[in-house]
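[1] here's a sequence, model it:
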Amino acid sequence: MKPIIHHLFISPGHDYFGRHGKGSEDHPITDHEEIELVAGRGIVNDRFFDYEEDYKGQITFFDYAVYEGVKKGFNLPDLDVSAFRRNAVVSGMDLKALIGETFQIGELEFEGTQEAKPCYWMDEACAPGVEKFLRGQGGLRCRILKGGTLGKGEF
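    All right, here's what the predicted structure looks like:
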């Protein structure tokens with residue numbers, strides 16, 4: 001099975017990140033056919049673009065199978081994958097194996113820095129218990145080493 005990018009999300013603001021004790025926000029999150037990545041800076045027009053120098057989460061990847069597992073396991077047939085607030089939703093990639101590794105998608109190059117650990121907000125965004133379910137499978141945070149255009153589809 002070839003790896004596939006199913007969704008590419010951008011949001012201009014933080015709904016949960018840095019919001020402890022302040023309540024969640026409701027910034028729009030939009031799905032794009034392609035997004036522009038800038039090495040060392042992030043995704044153009046995303047909330048983490050130029051967030052901080054050498055930031056570990058310039059782009060996040062999330063496994064489509066985990067999304068399906070949440071929908072099925074929590075009886076949430078209408079749950080939108082954007083609820084997880086990850087940038088690239090993929091299948092056919094072992095995201096855990098990419099932690100500490102450099103990898104390519106086409107001409108683009110990434111460094112897998114760490115798991116995109118779920119937080120307690122996932123219980124609000126999805127359903128009670130989702131944070132615990134996502135532990136160890138919350139996605140992958142990456143630095144962008146070589147930028148360009150990232151598009152949906154097989155790679």
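
[2] hey, let's count contacts and neighbours off CA atoms from now on
    Noted.

[3] and the next element down the chain from the helix or strand of the chain with the lowest mean pLDDT?
    Within the chain, no helix or strand scores below helix 121-125, which has a mean of 84 by mean pLDDT, DSSP states H and E. Counting by DSSP states H and E, the next helix or strand C-terminal to helix 121-125 is helix 130-134.

[4] for that next one, name the packing helices and strands.
    In terms of contacts (3 or more C-alpha pairs under 8 Å, 6 or more residues apart in numbering; DSSP states H and E), helix 130-134 is packed against helix 64-73, helix 121-125.

[5] got the CA positions of that helix in CSV?
    Written as CSV, here are the backbone C-alpha positions of helix 130-134 (Å, rounded to 0.1, in the frame of the first residue of the first chain):
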residue,chain,number,x,y,z
VAL,A,130,-10.4,10.0,23.5
GLU,A,131,-7.3,11.5,25.1
LYS,A,132,-6.5,8.2,26.8
PHE,A,133,-7.3,6.3,23.6
LEU,A,134,-4.9,8.5,21.6
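
[6] and that helix, which residues are buried?
    Neighbour-count burial for helix 130-134 flags 130-131, 133-134 (criterion: 16 or more other C-alpha atoms under 10 Å).

[7] for those, which one is nearest His6?
    Among the buried residues of helix 130-134, Leu134 lies closest to His6 (C-alpha to C-alpha), at 19.3 Å.

[8] confidence-wise, which of the buried residues of helix 130-134 comes last?
    When the buried residues of helix 130-134 are compared on pLDDT, Glu131 comes out lowest, with 93.

[9] right, and it touches Glu124 too?
    No - counting by C-alpha atoms under 8 Å, Glu131 does not reach Glu124; the two are 9.3 Å apart.

[10] flag every buried residue along the least confident helix or strand of the chain.
    Within helix 121-125, the residues that count as buried by 16+ other C-alpha under 10 Å are 121-122, 125.

[11] relative to Gly139, which of the helices and strands packed on helix 130-134 is closest?
    Nearest to Gly139 among those is helix 64-73 (9.0 Å), distances taken as C-alpha to C-alpha.

[12] could you give the mean pLDDT of the closest one?
    In this model, helix 64-73 has a mean pLDDT of 98.

[13] quick check: phi and psi on the residue most central in space within the chain?
    Closest to where the C-alpha atoms of the chain average out (C-alpha atoms, centre = their mean) is Arg86, at 2.3 Å. Taking degrees, to the nearest 10, you get phi -100, psi 160 for the backbone angles of Arg86.
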